[in-house]
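> Test case, fold it:
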Amino acid sequence: MGKASLITIRSFGGEPERDAYVRSLKERQISYHDLYDMQCAELAEIRDPRSFGKKPLPLTSLPDDRIVEYPWRNTAIRTVELHAFSELRTARNHNLITPEEQSIFATSHIAFAGLNVGNPGAVCVALEGGARSMSLADPDILLTANLNRFRAGLPDVGLNKAELTTRQILEIDPYYTLSVSAEGLTSGSLMQFLSEPKARVLVEEMDALPLKLFIRDEARKLGVPVVMVTGIGDGVLLDVERYDLDRNTPLLNGLLDRAVEDAIRSAESMSPEKKIKLAHDFIGTSYLEPRLNDSFAEIGNTLVGIPQIAESSFMRGAAIARAVRTIVCGGNMPSGRYSFSLSPCLK
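Numbering: from 1, shown residues only. The predicted model follows:
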């Protein structure tokens, strides 16, 4: 699935052609919203900041327009073209993100493997105008139980998470180029996922433990840095592996117990009980907050799965976005494990 199969973006040779198209939308009972004049007024303010609080100078030339159709919303929107739209969307990033950093961030291709934790990261990156090209992979659908932490609603339940993330990003910015793997990844497709096009950063958030190791093997061969964020209760762990700087960087920076790694790599199949135990050991008891650590023993007894909450989910999204932006913009983000938690602030 690609972007073209989800939305339609149309340009026009003139006003009569556009007006005829708008009439066809109404005939097809598609809701139409014209944002063009509002956006031009915003552009005038952005380009004349000294007019703050007053009427800005008029634009010297008007940008071209486009009409974007969102079939899942049965809606079409008239908006400004790509460059004017990007100028609007990123204006409030300055100077927290400099124009030079914004350009680098926008042109860096990022691969997201796993869109449960990866979803808030991908959406946060898109909100900041980063990675205008992304690869998104996840085979799972959104469940009602996911609505305790996933930025979605009841109408989205049953949708594939990669497709849902694609919809969310395209509603923020229709000019994104998104490659979507709704069937997920296999050991045979990992190299293609990372190299076509080559990822500047891999955000790895898959549930399948063997794939978490195998994709790191491929990333190391390609020199692609890996970012992973894990919920540890109220807080999160951020793991960064800078294979772009040193391909001899050990897997998970040497923090994964060798016996656990061997057990994951050698397992032809895993019982639910073994999978939970290895997931627990993959993170490491010493990093888990007490309530989460104790919860692992209750899975299959009083709990149906590993507990996760929205506070941690949104923190993970922010941590992913910041780590990715820092790496692609040449900031200080060495390999290592970092922890973040709100709990110390609330004691």
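> Residue 339 looks like it's in a strand, true?
Yes. Counting by DSSP: H, G, I helix; E, B strand; the rest coil, residue 339 is part of a strand.
> Which residue lies closest in space to it, excluding its sequence neighbours?
Nearest non-adjacent residue to residue 339, counting by Cβ to Cβ, 6 or more residues apart in numbering: residue 237, 5.4 Å away. Backbone N, C-alpha and C define where each C-beta goes, glycine included.
> is it true that the one you found touches residue 283?
Yes. At 7.3 Å, residue 237 counts as touching residue 283 under the criterion of Cβ atoms under 8 Å.
> Now the common contact residues for these two.
Taking Cβ atoms under 8 Å, 6 or more residues apart in numbering as the criterion, residue 237 and residue 283 both touch residue 230.
> Tell me, how many residues neighbour residue 342?
12 (other Cβ atoms under 10 Å).
> quick one: it and residue 314 touch, right?
No. Using Cβ under 8 Å, residue 342 is not in contact with residue 314; the gap is 10.8 Å.
> list residues touching both of the two?
By Cβ under 8 Å, 6+ apart, no residue touches both residue 342 and residue 314.
> which residues in the stretch 201-347 of the chain form helices?
Using DSSP state H, counting those that start in this stretch, the helices of the stretch 201-347 of the chain run over 209-222, 258-266, 272-283, 290-295, 310-328, 343-346.
> Contact partners for residue 281?
Counted by Cβ under 8 Å, 6+ apart, residue 281 has contacts 257, 260.
> Which residue would you name as the spatial centre of the chain?
By Cα atoms, centre = their mean, the chain has its centre lying nearest to residue 122, at 0.9 Å.
> Neighbours of the closest residue to residue 309 other than its chain neighbours, how many?
Spatial nearest neighbour of residue 309, excluding adjacent residues (Cβ to Cβ, 6+ apart): residue 149 at 5.9 Å. Residues contacting residue 149 under the criterion other Cβ under 10 Å number 21.
> where along the protein do the strands fall?
Here the chain has its strands, by DSSP state E, at 8-10, 31-34, 65-70, 75-80, 110-113, 133-137, 177-181, 201-204, 226-231, 236-241, 336-340.
> Show me where the stretch 1-150 of the chain dips below the pLDDT cut-off.
1-5 (pLDDT under 70).
> ok so, going back, out of the strands of the chain, which one sits most buried?
Greatest average neighbour count among these goes to strand 110-113 (a mean of 29), per mean count of other Cβ atoms under 10 Å.
> Pull up the pairing partners for that strand, direction included.
strand 133-137 (parallel), strand 201-204 (parallel) (DSSP bridges).
> gap between residue 307 and residue 153?
Between residue 307 and residue 153 the distance is 22 Å, computed by Cβ to Cβ, to the nearest Å.
> scratch that, residue 143
Residue 143 is 13 Å from residue 153, by Cβ to Cβ.
> same deal with residue 88?
From residue 88 to residue 153 the distance is 26 Å (Cβ to Cβ).
> quick one: which of the two has more around it?
residue 88 (17 against 9).
> where's residue 14 relative to residue 234, distance?
Residue 14 is 57 Å from residue 234, by Cβ to Cβ.
> Name the residue in the two with the higher neighbour count.
residue 234 (18 against 7).
> Just confirm that one contacts residue 339, I think it does.
No. In this structure residue 234 lies outside contact range of residue 339 using Cβ under 8 Å: 11.1 Å.
> So residue 114 sits against residue 206, correct?
Yes. A contact is recorded between residue 114 and residue 206 when judged using Cβ under 8 Å, the distance being 4.1 Å.
> ok, the two, which is more surrounded?
Comparing residue 114 with residue 206 by other Cβ under 10 Å, the one with more neighbours is residue 114, at 27 against 23.
> That one: what's it in contact with?
137, 138, 203, 204, 205, 206, 207.
> can you do 10 Å?
121, 136-140, 161-162, 184-185, 203-208, 211-212, 215, 228 (Cβ atoms under 10 Å, 6 or more residues apart in numbering).
> Kindly tell me how buried the nearest residue to it once chain neighbours are set aside is, as a neighbour count.
Closest residue in space to residue 114, ignoring its immediate chain neighbours: residue 205 at 3.4 Å, by Cβ to Cβ, 6+ apart. Residues near residue 205, counting by other Cβ under 10 Å, number 24.
> Residue 205 and residue 77: what is the separation?
31 Å.
> again with residue 157
For residue 157, the distance to residue 77 - Cβ to Cβ - is 25 Å.
> just so I have it, where are all the helices in the stretch 1-150 of the chain?
Going by DSSP H, counting those that start in this stretch, the stretch 1-150 of the chain shows helices at 15-27, 36-47, 82-90, 99-106, 118-127.
> wait, doesn't residue 107 sit right on residue 101?
No. If you go by Cβ atoms under 10 Å, residue 107 and residue 101 don't touch, sitting 11.2 Å apart.
> Report the contact partners of residue 299.
Residue 299 touches 272, 273, 275, 276, 277, 279, 280, 305, 306, 307, counting by Cβ under 10 Å, 6+ apart.
> how about those, which pair is most distant?
Farthest-apart pair in those is 273 and 307; separation 17.4 Å (Cβ to Cβ).
> Who has more neighbours out of these two?
More crowded of residue 273 and residue 307, by other Cβ under 10 Å: residue 307, with 17 against 10.
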